[in-house]
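Q: Need a 3D model of the sequence below.
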Amino acid sequence: MPNLQTSSYSAPALEKGLDIIELLSTRELGLGQTEIARELGRSVGEIFRMLMVLQTRGYVAQDPVSDRYLLTTFIFEIAHRIPKIGRLTAFAEPLMRKMTHCINQSAHLAILNEGGVLVVGQTASPGNSILTVRLGAKIDLWHASSGRVILAFQHPEILEGLLKSVPPPRELPAKQIMQELTQIRKDGFEVRDSFVVKGVVNISAPIIDHSGQAAAALTVPHIERFDSSVSFAQCTSELIATAAAISKSLGGQPPTQTP
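A: Residues are numbered from 1 along each chain as shown. The predicted structure is shown next:
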């Protein structure tokens, strides 16, 4: 649960409902009613009433076998009604699908969100061996190629603010990060080994909107196949071209890139 600032206004019922939603968002297999009550320090009766309302409104569903409550995709659907995200994913989806079929690699689209990186679009490789990042996944800002690429194309004050509010890990000093972001901005994209999966190489390029800043990043977690007919260089070129096409659809001018 995030730390919230103390407010002079209070809506206990709303807060209980939000607490349940936030808790369930962290549990892939869901939780039972008693478990939710225990985790939140509430009575079972309080939680039961909240769950009934949330279930009626479509935010949660109860597994008929385990009786556990899980979040539905309704919240994600609501998020996509936000004009910025809805417009971005609407333009990006067909272009991403075309690209993944061309290069036989998966791809995902991510934005900055609450000091982290949120995956708002994902298309899987058409092949049998795939590596995908879950739609809706929240990734650590400093351990995501998407986050680094987005930050490389932000106003300096935004970057400085994030360095203060989301301190980088000890193994990534701020000075090193700034040097790497400067290089990404110069190149117009980034190719680097994955922070989390050995043998995977991330190819990531910014999605530039009308303001000239990065609204998102398009990333391919590239896996090498013995029988691949598409070279790594071709994958890089296709990703850069696709990111540029999405940028132009948003009224942005993609950076000059030399894969």
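Q: C-alpha only now, for contacts and for neighbours.
A: Fine.
Q: quick one: average pLDDT of the helix or strand containing residue 36?
A: Secondary-structure element containing residue 36, defined by DSSP states H and E: helix 33-40. For helix 33-40, mean pLDDT is 94.
Q: what does stretch 181-188 give?
A: 94.
Q: how far out from the middle of the chain is it?
A: Relative to the chain's own centre, stretch 181-188 is displaced by 21 Å; criterion: Cα atoms, centre = their mean, to the nearest Å.
Q: buried residues in it?
A: By neighbour count with 16 or more other Cα atoms under 10 Å, stretch 181-188 contains the buried residues 181, 184, 185, 187, 188.
Q: Over to stretch 195-209?
A: Neighbour counts over stretch 195-209 (16+ other Cα under 10 Å) mark 200, 201, 202, 203, 204, 205, 206, 207, 208, 209 as buried.
Q: One more: stretch 228-246?
A: Neighbour-count burial for stretch 228-246 flags 232, 235-246 (criterion: 16+ other Cα under 10 Å).
Q: So residue 68 sits against residue 51, correct?
A: No. Under the contact definition of Cα atoms under 8 Å, residue 68 does not touch residue 51, with a separation of 11.1 Å.
Q: What separation is there between residue 74 and residue 119?
A: Counting by Cα to Cα, to the nearest Å, the separation of residue 74 from residue 119 is 16 Å.
Q: Run through who's touching the helix or strand bottoming out on mean pLDDT in the chain.
A: Within the chain, judged by mean pLDDT, DSSP states H and E, the helix or strand with the poorest mean is helix 74-79; its value is a mean of 75. Outside of helix 74-79, the residues within contact range by Cα atoms under 8 Å, 6 or more residues apart in numbering are 58, 59, 85, 86, 136.
Q: Kindly indicate which of these lies nearest residue 167.
A: Checking these against residue 167 by Cα to Cα gives residue 136 as the nearest, at 23.0 Å.
Q: So which residues of the stretch 101-250 of the chain form strands?
A: 107-113, 116-123, 138-140, 190-193, 201-208, 214-222 (DSSP state E, counting those that start in this stretch).
Q: Which of those strands has the highest mean neighbour count?
A: For those, ranked by mean neighbour count under the definition mean count of other Cα atoms under 10 Å, the leader is strand 201-208 at a mean of 29.
Q: That one vs strand 214-222, what angle?
A: The directions of strand 201-208 and strand 214-222 differ by 160 degrees, with axes from the mean of the first three to the mean of the last three Cα atoms, to 10 degrees as the criterion.
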